[in-house]
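Q: Sharing a sequence plus its predicted fold:
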Amino acid sequence: MSSKQHAAILCSPGMGHLIPVLELGKRLVTHLNFSVTIFISPSSEAELKAATSTKILDIVQLPPPDISGLVGPDTSVPTKLVVMMRELRQVFRSAVRAMKFTPTMLIVDLFGTESFPIAEELGIPKYLFFASNAWFFSFLICCLTFDKEVEGNFVDHKEPLKVPGCREFRPQLDVFDVMLYRTNQQYHDFVGIASRIPKCSDGILLNMWEELEPTTLAALRDENLLGRHLTVPVYPIGPIIRPNDLSCSKGKVFDWLDKQPSESVIFLSFGSGGALLHEQMTEIAWGLEFSQQRFIWVICAPTTTTADAAYLTTDCDDESPLKYLPEGFVDRTKDLGLVIPFWAPQVEILAHPSVGGFLSHCGWSSTLESLTNGVPMIVWPLHAEQRVNATLLTEEFEVAVRSKIPPWKKVVDRKEIEEMVRMIMEDQKGFVLRERMKKLKESAAKALGEGGSSRNALSQFAKHGESMYMKLANVNVRH
């Protein structure tokens, strides 16, 4: 590159948004000699700590906006995020203009697209970092078409939604809750985001790699297929995840794991924003106990509402979530596994050779952590795009199993949970899934290596950004 590039990155609140953005920033610095400034408005101390612990990035903390008068107690999480990012625009604009130098590009995540005009004011290129998979992105850019073609609510639509060149979406199973009801504000917010992407961005960064979804990527680049909705380049630069921190691989959990046979432990975690109904927690506990498989289970207190409503308001500050488990469960299973309140070092646990299965909400970061460690999954989608991820894992990649009835529709009973755990951990099908997972692990490592597809895509993105910046600078000089 002829000159050093300076990326300004705007990140939405939430640890699931922050971690991929931080890792993207690190990669731009270490691989491409960028300087990177990340703008955050943290919603928790954990987010602030994660951001400020990274020394090679400049972190600018934006004051959290007061949206109490703009949303109600029942407002969905996506709408809250849209409102928060909309209210941050003026503060973000001022913060960018106060920088010692004008950045050479702006990168935003999905909820930051309303800040694209700030890049236009500065005369710099603007990119979307879509920290998920290509199939979900294909749905996103078809949203306007679906909005016009589908009559009534999507939840009542019986026919699959056709996506040119790739897998169709089934409203009852794959279409995420944000899009199910036109009467909800979150529907209109999401369609609004989708409408801005093809019109306003100069390129798309995807958190996956070329070899993971080649058919969907080909459709996105084909002007006769999905490419007719999208005229900007797509760069699959993943997997971008938090690296394994060996300093976290200490203590009681890892002392216990070190004593277990290879691939004999199933890890259960529903993410930083995942919460279950009390009845479902009880069924999982009994299913685990009946399976007689070794386990590590990270638990929070149950939600009294929906999983989506619990996303930003989980009860994980409860003093003792273990009290919600069946009486005697911890004592009866003390030789089988560990129950950990609130949080555990997920990346390090999944990387441990004793772990052979992962029961997960299948958020995309958790999915990538499982893929890159070769650990087969039981998928348990709760909200957002997790339904999409669950279908990819079970039907496209064939590295996971799922319950017969989706867990957002009905409590999954203990017998089925026992069967799924046994299937993953000791049945022949589990061994087949594990072998497929290990091939994906090898594929991901190759993509990230020197000369790999993701490393090359990142370099191509940087060259595109430099070229766009020079082009816009010349236009501004002429005017």
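A: Looks like it came in fine. Residues are numbered from 1 along each chain as shown.

Q: Just the buried residues of the lengthiest helix in the chain, please?
A: For the chain, the longest helix by residue count, based on DSSP state H, is helix 453-478. By neighbour count with 16 or more other Cβ atoms under 10 Å, helix 453-478 contains the buried residues 453-458, 461-462, 464-466, 468-469, 472. From N, CA and C alone the C-beta is placed, and that goes for glycine too.

Q: Work out the gap between it and the centre of the chain.
A: 26 Å (Cα atoms, centre = their mean, to the nearest Å).

Q: Which residues are in contact with Leu448?
A: Contact analysis of Leu448 by Cβ atoms under 8 Å, 6 or more residues apart in numbering lists Trp209, Pro239, Ser454, Arg455.

Q: For Ala457, list the residues it contacts.
A: By Cβ under 8 Å, 6+ apart, the residues touching Ala457 are Glu210, Tyr235, Pro236, Ile237.

Q: Can you say which of the residues you listed are buried?
A: Looks like these have Glu210, Tyr235, Pro236, Ile237 buried, using 16+ other Cβ under 10 Å.

Q: low-confidence ranges in the stretch 351-479 of the chain?
A: By pLDDT under 70, the low-scoring segments of the stretch 351-479 of the chain are 476-479.

Q: Flag the shaky bits of this protein, pLDDT-wise.
A: Within the chain, the stretches with pLDDT under 70 are 1-2, 273, 305-319, 476-479.

Q: Now the spatially most central residue of the chain: closest residue in space, sequence neighbours ignored.
A: By Cα atoms, centre = their mean, the mean C-alpha position of the chain lies nearest to Trp364, the distance being 3.4 Å. Spatial nearest neighbour of Trp364, excluding adjacent residues (Cβ to Cβ, 6 or more residues apart in numbering): Ser132 at 4.5 Å.

Q: Pretty sure that neighbour sits against Gly363.
A: No. Contact status for Ser132 versus Gly363: not in contact, 9.2 Å apart, counting by Cβ atoms under 8 Å.

Q: Common neighbours of those two, please.
A: Common neighbours of Ser132 and Gly363 (Cβ under 8 Å, 6+ apart) are Asn389.

Q: for the stretch 1-150 of the chain, what spans make up the helices?
A: Secondary structure of the stretch 1-150 of the chain (DSSP state H, counting those that start in this stretch): helices located at 15-32, 45-52, 77-87, 89-97, 116-122, 134-141, 143-149.

Q: Phe342 is nearest to which of those?
A: For Phe342, the closest of the helices of the stretch 1-150 of the chain is helix 45-52, at 10.7 Å, according to Cβ to Cβ.

Q: Mind listing what's buried along the closest one?
A: Glu47, Leu48, Ala50, Ala51.

Q: ok, back up a step: and the angle for the longest helix of the chain with helix 15-32?
A: Helix 453-478 and helix 15-32 are oriented at 80 degrees to each other (axes from the mean of the first three to the mean of the last three Cα atoms, to 10 degrees).

Q: Of all the residues in stretch 376-387, which ones are buried?
A: Buried residues in stretch 376-387, counted by 16+ other Cβ under 10 Å: Pro376, Met377, Ile378, Val379, Trp380, Pro381, Leu382, His383, Ala384, Glu385, Gln386, Arg387.

Q: From one end of stretch 59-66 to the other, what's the distance?
A: End-to-end distance for stretch 59-66: 21 Å, by Cα to Cα, to the nearest Å.

Q: Tell me how the chain divides into domains.
A: The chain breaks down by automatic domain parsing into domains covering 6-240+451-478, 246-443.

Q: Looking at the buried ones among the contacts of Ala457, which are in strands?
A: Using DSSP state E, Tyr235, Pro236 are the members of the buried ones among the contacts of Ala457 that sit in strands.

Q: I'd like the buried ones among the contacts of Ala457 written out as a markdown table, with distance to Asp66 added.
A: A markdown table is the format used below for the buried ones among the contacts of Ala457 (distance: Cβ to Cβ, whole Å):
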| residue | distance to Asp66 |
| --- | --- |
| Glu210 | 43 |
| Tyr235 | 36 |
| Pro236 | 38 |
| Ile237 | 35 |
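
Q: could I get the buried residues of helix 45-52 as TSV with distance to Arg196?
A: Putting the buried residues of helix 45-52 into TSV (distance: Cβ to Cβ, whole Å) gives the following:
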residue	distance to Arg196
Glu47	25
Leu48	28
Ala50	28
Ala51	26
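
Q: Show me which pair in those residues is furthest apart.
A: Between any two of the buried residues of helix 45-52 (Cβ to Cβ), the greatest distance is 7.4 Å, for Leu48 and Ala50.

Q: Overlap of the contact sets of these two?
A: Common neighbours of Leu48 and Ala50 (criterion: Cβ under 8 Å, 6+ apart): none identified.

Q: ok, back up a step: tell me which of the buried residues of helix 453-478 is nearest to Phe254?
A: Lowest distance from Phe254 to these (Cβ to Cβ) belongs to Ser454, with 29.6 Å.

Q: thought that closest one was touching Ile237?
A: Yes. Because the distance of 5.1 Å satisfies Cβ under 8 Å, Ser454 is recorded as touching Ile237.

Q: Show me which residues of the helix or strand where Gln186 lies are buried.
A: Secondary structure assignment for Gln186, by DSSP states H and E: helix 185-200. Within helix 185-200, the residues that qualify as buried are Gln186, Tyr187, Asp189, Phe190, Val191, Ile193, Ala194, Ile197, Pro198, Cys200, counting by 16+ other Cβ under 10 Å.

Q: Please name the nearest non-neighbouring residue to the last one.
A: Nearest-residue entry for Cys200: Phe116, 4.3 Å, with adjacent residues in sequence omitted and distances by Cβ to Cβ, 6+ apart.

Q: Next, Ser269: phi, psi?
A: Main-chain dihedrals, Ser269, degrees, to the nearest 10: phi -160, psi 140.

Q: Ala275 and Cys300 touch, don't they?
A: Yes. With contact defined as Cβ under 8 Å, Ala275 reaches Cys300; the gap is 5.8 Å.

Q: For stretch 380-387, give the distance from the opening residue to the closing one.
A: Its start and end residues considered, stretch 380-387 measures 9 Å (Cα to Cα).

Q: Next: stretch 267-274.
A: 15 Å.

Q: what does it rub up against?
A: By Cβ under 8 Å, 6+ apart, the surrounding residues in contact with stretch 267-274 are 14-16, 46, 276, 284, 288, 295-298, 300, 307, 310-312, 314, 343-344, 346, 349-350, 355, 357-361, 363, 366, 375, 380, 382.

Q: Fine by me, we can end here.
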